[in-house]
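Chemist: Let me see the structure of the following:
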Amino acid sequence: MNDGTVTLPWLVVRQDDNGNRYRVGRYATRAEAERIADSLDGRGHKQLYWVERISRAGTPAD
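Modeler: Just a heads-up that it's a prediction; the model follows:
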């Protein structure tokens with residue numbers, strides 16, 4: 001990208017016991033996002049964490 005913006009296409013999502021989903025953060029690489037998700041998941045809470053890729057339109061990519 002030439003406009004000086006940083007692309008953060010990897011999203012960490014958390015789902016709580018009630019099925020509510022929250023964005024935890026956006027990251028530049030999948031490895032970075034997975035490290036964060038694994039770190040949070042390792043805390044022993046009942047929440048579920050996973051990584052999704054965001055499309056250029058800002059929606060989860062398939």
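Chemist: any low-confidence regions in this protein?
Modeler: Along the chain, segments meeting pLDDT under 70 span 1-6, 57-62.
Chemist: Please, where are all the strands along it?
Modeler: Here the chain has its strands, by DSSP state E, at 10-15, 21-27, 48-53.
Chemist: Okay, and the beta partners of Arg23?
Modeler: In this entry, Arg23 is beta-bridged to Val13, by DSSP bridges.
Chemist: list the contacts for it?
Modeler: 11-13 (Cβ atoms under 8 Å, 6 or more residues apart in numbering). For every residue, glycine as well, the C-beta is placed using N, CA and C.
Chemist: what do you get for Leu40?
Modeler: Leu40 is in contact with 12, 14, 24, 47, 49, counting by Cβ under 8 Å, 6+ apart.
Chemist: Just the buried ones out of those, please.
Modeler: By neighbour count, with 16 or more other Cβ atoms under 10 Å, the contacts of Leu40 hold 12, 14, 24, 49 as buried.
Chemist: Wait, the second one touches Tyr22, no?
Modeler: If I follow you right, that is Arg14. Yes. Assessed by Cβ atoms under 8 Å, Arg14 is found in contact with Tyr22 at 4.9 Å.
Chemist: buried stuff in stretch 15-24?
Modeler: For stretch 15-24, the neighbour count (16+ other Cβ under 10 Å) marks Val24 as buried.
Chemist: Not counting its neighbours along the chain, what's nearest the residue most central in space within the chain?
Modeler: Centroid check for the chain by Cα atoms, centre = their mean gives Val12 as the closest residue, at 1.5 Å. Excluding its sequence neighbours, the residue lying closest to Val12 (Cβ to Cβ, 6 or more residues apart in numbering) is Val24, at 4.1 Å.
Chemist: Equivalent analysis for Tyr49, please.
Modeler: Tyr49 sits nearest to Ala37 (Cβ to Cβ, 6+ apart), 4.2 Å away.
Chemist: so how far is Arg56 from the one you found?
Modeler: 22 Å (Cβ to Cβ, to the nearest Å).
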